[in-house]
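Asker: Attaching a predicted model along with its sequence, questions to come.
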Amino acid sequence: MSYASQVSRLPIAARWIGTLVALFMITVPWSGTDSSAQPENSEPPLRVPSNVAWTKETLTIISSGDAFQGLLLARRCNHCHGEEGFSSVPAFPNLAGEDRLSFWKQMQDFRSGKRASPVMQGIAEGFSARAAADLAAYYAMLPTASDPQDNRAFPQPMQDSSRASMAIRLIVFGDGQRGIPPCQSCHGPVSYVKGAPPLATQNGAYLERQLENFSDGNRTNDINVRMRSIARQLTVEEKTAVSEYYGAGYGPGATSR
Amino acid sequence: MKIKIKKIGFVAALTLFGVALLSTRYYMVDLPVWHFFGGGEGPDPLTLQLHGEFVESNLGAAEGPAGSLTVRMIAQQFVFVPQCIMVPAGVPITFRITSADVVHRLRFLGTNYGLEAVPGVVTEANFTFAKAGEFKIPCNEFCGAGHYAMRGQMHVVPRDQFASLLPGERRTCELR
């Protein structure tokens, strides 16, 4: 092998490296032009619906909840929400079988005042994020089927059958013309979305009041205006029909209790 | 000898390209190449509501620099936010759209326009609507169980009926 060929090897290798570097450099001008650069606008005051975001850290906190600790803590909730998670007062929500994520989020929102409630704000301030996760684990574990001692009959009869059909239509099909998705596509059992509680065993009066609050703007802690834009589209009669239907225990996914 | 070195270089470049392709999983993703070199500059779909340009108080039609009009929207399972947008006819409008969960696609009925909403990416486009009227914006990409009922609305009003926006105002036509 001559000295000359030894020299010529280097430029070839260098040429390949050079080509690779050049190819990489071509992409550099594009790297700065991601369209996320924000055009300048006069900014309206920032409004944050809830301090909770479904990041990995949030999910870690919630999933580390201990149901036994929750059982001990739940003595503070029993008076209103029932020993078995079924409240005797229709205006208070049932917590048995409540989704962990939505329970924890509501507790944080009560604490931070993002969801206004004179009663619950004071109570939620007494629970740390960890304690709320414990409670969430406990209530998620409670069965939605009744204990044999429960003398309430479910499902209850609905007085108005036209309302029932209206409710079924909205729960199963929604109303595409108005952009109302079916309830069951987020609240189950067809599919679930993070932060959407299952409604099949919820109290009707409570549901109706929440729907009213969403559409009036009295409750604004739903992430990205999701529930508010749906509730605004519903008529008063439709809100009543849906909540009565769920409250009577007919909602899809309900076990007889 | 020269040929062999060329071959080695070729194989090395091909391997490097293959490894880069596999490690970025670009073959699985419907995104432009430069998105990956941009290094995640787009908004985080999980924290849209906390900060950035897609907070709920910043959605809707907004006045941009030099009187241009920008409409910001979020697509999410299974509603568009704002649910109803209002824009003037015959004026170029900049749409800035992102998704909070999965890929959605907006189809502006009555026009040839469509837009893809991808989580983590801001899709920007300039549209001009010639006709005034009310149009539906159905979701055109299967996004889940409620996909078929996911439908936004757009009110295109004549230019002279669209009152100019106040500073900081965001205009929608949602029911209040």
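Answerer: On my side now, so go ahead.

Asker: quick one: residue B:104 and residue B:143 touch, right?
Answerer: Yes - Residue B:104 is within contact range of residue B:143, at 5.1 Å (criterion: Cβ atoms under 8 Å). Any C-beta I mention is one placed from the backbone N, CA and C, and that applies to glycine too.

Asker: Could you tell me which residues touch both of these two?
Answerer: Jointly contacting residue B:104 and residue B:143 under the rule Cβ atoms under 8 Å, 6 or more residues apart in numbering or on different chains are B:75, B:150.

Asker: Can you mark which positions in stretch B:100-116 are buried?
Answerer: Of all the residues in stretch B:100-116, those buried under the rule 16 or more other Cβ atoms under 10 Å in any protein chain shown are B:100-108, B:110, B:113, B:115-116.

Asker: check whether that stretch contacts chain A.
Answerer: Yes - applying Cβ under 8 Å from any Cβ of the partner chain, one finds stretch B:100-116 touching chain A at B:100, B:101.

Asker: how far away is the closest residue to residue B:138 other than its chain neighbours from residue A:233?
Answerer: Distance criterion Cβ to Cβ, 6 or more residues apart in numbering or on different chains; nearest residue to residue B:138, sequence neighbours excluded, is residue B:151 at 4.8 Å. Distance of residue B:151 to residue A:233, given as Cβ to Cβ, to the nearest Å: 11 Å.

Asker: still on that earlier bit, and the residue nearest to residue B:138, what does it touch?
Answerer: Contacts were defined as Cβ under 8 Å, 6+ apart; by that measure residue B:151 touches A:176, A:177, A:178, A:179, B:80, B:136, B:137, B:138, B:139.

Asker: Show the contacting residues for the third one.
Answerer: Looking back up the chat, that one is residue A:178. Counted by Cβ under 8 Å, 6+ apart, residue A:178 has contacts A:233, B:151.

Asker: got a pLDDT number for it?
Answerer: At residue A:178, the pLDDT value in this model is 89.

Asker: so where's the stretch 1-150 of chain A shaky on pLDDT?
Answerer: By pLDDT under 70, the weakly predicted segments of the stretch 1-150 of chain A are A:1-10, A:27-42, A:145-150.

Asker: ranges for the helices of the chain?
Answerer: I went with chain A, as the question did not name one. Under the criterion DSSP state H, chain A contains helices at A:3-31, A:56-63, A:67-73, A:78-81, A:100-112, A:118-124, A:129-141, A:161-168, A:184-187, A:204-216, A:226-233, A:236-247.

Asker: wait, chain B
Answerer: Here chain B has its helices, by DSSP H, at B:2-24, B:33-38.

Asker: which one of those has the most crowded surroundings?
Answerer: With neighbours taken as mean count of other Cβ atoms under 10 Å in any protein chain shown, those reach their highest mean count in helix B:33-38, at a mean of 17.
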